[in-house]
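[1] After the sequence you'll find the predicted model.
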Amino acid sequence: MSDPKLVIEKADAFTEPLIAKLQAHPKRIVFSDGLDPRVLAVAQEMVRLKVGVPILLGSRDEILALAAEMEVDLTFVKVLDPATASDLPLFCERLKRIQRYKGVKLANACDVVAQPHHFASMMIQYGQADAMVGGNLSVPAAIFRAVLHMVKHDPSVPKVFSVAVMSGAHLEHFGPDGTLYLADTGMIPEPTVEELAVIAEKTGALARLYLGRRPRVAMLSHSTNGSAMTDLARKVVAATELARQRVAASQEEIEIDGEIQVDVALDAAASEVKIPGMVAKKPADVLVFPNLDAAHISMKLLHHVAGARVYGQLIMGLARPAAQVARTVDATGLLGTALAVGLEAVKFHELYPDGELS
C-alpha cells in the first residue's frame, strides 16, 4: 500500500503485549466509520494477527467495492449496513423504551439507530460486539453523543471522560516504559475537584491494566508543592488528597503525586532541584491535567511535534469499551486503539461474566 497512512508499523511497547493477550482472547470490534481505507487495512491486519473479528459498518456494496479496489481480503470480516441489519427493529424498540423511561419522544427512533455511531453503540450495549472504535471519518461530538446516549454509564464515575494513550520510546522522560496516559483529553472542559480525583483513580486503574504493575499518577499544575498558590493550584491540591483517599478506599495499587509541574513528574533531575530531599522516583505513567485545554493541547503537541503515537481517546465511565480516534489517525494508530479497547473488553468479561455492570 503506497499511502503512508495505510502502512501498519511494527508493534511497539504498548501494542505488542496487547496482541499476545488478544490472540488468547479475541474480541469483536465494531468500526462505526467502516467505509475507510484505513479501517480495511486494520481489519485485514486484525484477521492476520488473529486478535479478533472486525465488524465494519456502512454501505455493504461500497465497502466491498473499496476492498476489491484495495485488494483487501474480507474473509472473517463482518460487513454490516445498519439500515438493513436484522438487529435494526430490535434496537429501535429498545431505544423507544429508553426514551419512554426518560420521558423523551423521538419522531422516528429507527432513523436515529440506523446512524452508524448509534448502531455501533447499541451493538456494544446489547452484546452484538465487544468494543467500538469510531471517529476516523467523523467529528468527535458525533461519537461522544452516540455512546453517551446509547451505552449505560458506570455509576462509580460521576462524569464520562477520555484518556489518550501515547507511545514515545524515542523520547526522553516519556514514562518508565515509553508510554504515557493523558487525561482528560476530550470531554470535561473544567473538571471539579471530585471529577479530577476520579479521573486520577480510574486512569491509574486503566494504566495498571495495561502495564501489569503499580502505576505512578501525576496531578499536574503550574505549581509544585505550593510554589504558586493560586486557586487553580489549590484545586489540584484538593483533588490530589481526594484521589489518594479514593485509592486507599478501593485498595487499588496506584501511587498518586501532586500538585506538581510536568518536569517534576517526568524528570528526576528536575524533581531533585524543585523538591530537595525527595526520594528519586521513576517518571510518572499517568498525567492528569487541570483542564481540557491543557490536556488536549499537550496531546496534539506530543503527537504532531514530538512524534509520539496516539492510541484512543479511550472513553472512560461507560459500561462498555469504546474509543474515539482523530480524523487524522493512521492505520497503525487505529489498530492500536482497537487492540486497546479489545483488552478492556477482555477485562470487562472477566469482571462481569454475565455481561452487566451493576
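    Good, I have the coordinates.
[2] Surely H296 touches A183?
    No. Using Cβ atoms under 8 Å, H296 makes no contact with A183, being 10.8 Å away. In short, each C-beta sits where N, CA and C put it, glycine included.
[3] Looking at those two, which has the bigger crowd around it?
    Between H296 and A183, counted using other Cβ atoms under 10 Å, the more crowded position is A183 (31 against 19).
[4] Need the pLDDT of that one.
    pLDDT, A183: 98.
[5] which ones are touching it?
    161-164, 199-200, 203, 286-289, 295, 316 (Cβ atoms under 8 Å, 6 or more residues apart in numbering).
[6] Out of the residues you listed, which comes closest to G135?
    The closest of those to G135 turns out to be S162 (Cβ to Cβ; 10.9 Å).
[7] Which of the helices and strands in this structure ranks last by mean pLDDT?
    helix 88-102 (a mean of 83; mean pLDDT, DSSP states H and E).
[8] which other helices and strands contact the following helix or strand past that one?
    Counting by DSSP states H and E, the next helix or strand C-terminal to helix 88-102 is helix 109-113. Counting contacts by 3 or more Cβ pairs under 8 Å, 6 or more residues apart in numbering; DSSP states H and E, helix 109-113 packs against helix 88-102, helix 116-125.
[9] thinking again about what came up before, is it possible to export the contacts of A183 to CSV including neighbour count and distance to S32?
    Formatted as CSV, the contacts of A183 follow (neighbours: other Cβ atoms under 10 Å; distance: Cβ to Cβ, whole Å):
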residue, neighbour count, distance to S32
F161, 26, 20
S162, 27, 16
V163, 28, 19
A164, 28, 19
I199, 30, 25
A200, 27, 30
T203, 28, 24
V286, 29, 28
L287, 26, 28
V288, 32, 28
F289, 25, 27
A295, 28, 24
M316, 26, 18
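[10] Which of these fall in helices?
    Judged by DSSP state H, those include I199, A200, T203, A295 as members of helices.
[11] of all these, which two lie farthest apart?
    Farthest-apart pair in these is A200 and A295; separation 12.6 Å (Cβ to Cβ).
[12] where does the closest residue to A268 other than its chain neighbours fall, phi/psi-wise?
    Leaving aside its chain neighbours, A268 sits nearest to A280 (5.2 Å; criterion: Cβ to Cβ, 6 or more residues apart in numbering). When read as degrees, to the nearest 10, the backbone of A280 gives phi -60, psi 130.
[13] Next: E255.
    Dihedral angles (degrees, to the nearest 10) for E255: phi -100, psi 130.
[14] for the one 4 residues further on, same thing?
    The main-chain torsion angles of E259 are listed as degrees, to the nearest 10 and equal phi -80, psi 130.
[15] Can you give me the neighbour number for it?
    Residues within reach of E259, counting by other Cβ under 10 Å, total 27.
[16] Could you pull out the buried residues of stretch 251-266?
    I254, E255, I256, D257, G258, E259, I260, Q261, V262, V264, A265, L266 (16 or more other Cβ atoms under 10 Å).
[17] Identify the farthest-apart pair in those residues.
    Between any two of the buried residues of stretch 251-266, the greatest separation by Cβ to Cβ is 20.5 Å, found for I254 and Q261.
[18] re the thing from before, could you pick out which of the buried residues of stretch 251-266 are located in helices?
    V262, V264, A265, L266.
[19] As JSON lines, those with distance to M70 and pLDDT would be great.
    Shown next, in JSON lines, are these (distance: Cβ to Cβ, whole Å; pLDDT from 0 to 100):
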{"residue": "V262", "distance to M70": "42", "pLDDT": "97"}
{"residue": "V264", "distance to M70": "48", "pLDDT": "95"}
{"residue": "A265", "distance to M70": "43", "pLDDT": "96"}
{"residue": "L266", "distance to M70": "41", "pLDDT": "96"}
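[20] ok, of the residues you listed, which one's closest to S227?
    Proximity of those to S227 (Cβ to Cβ) peaks at V264, which lies at 9.9 Å.
[21] Skipping its backbone neighbours, what lies nearest R38 in space?
    Nearest to R38 is A331, by Cβ to Cβ, 6+ apart, at 4.7 Å.
[22] how many other residues sit next to that neighbour?
    A331 has 25 neighbouring residues, counting by other Cβ under 10 Å.
[23] residues touching it, list them.
    For A331, counting by Cβ under 8 Å, 6+ apart, the contacting residues are K5, L6, V7, I8, R38, A41, V42, E45.
[24] Of all pairs in those, which one is the farthest apart?
    K5 and E45 (13.7 Å).
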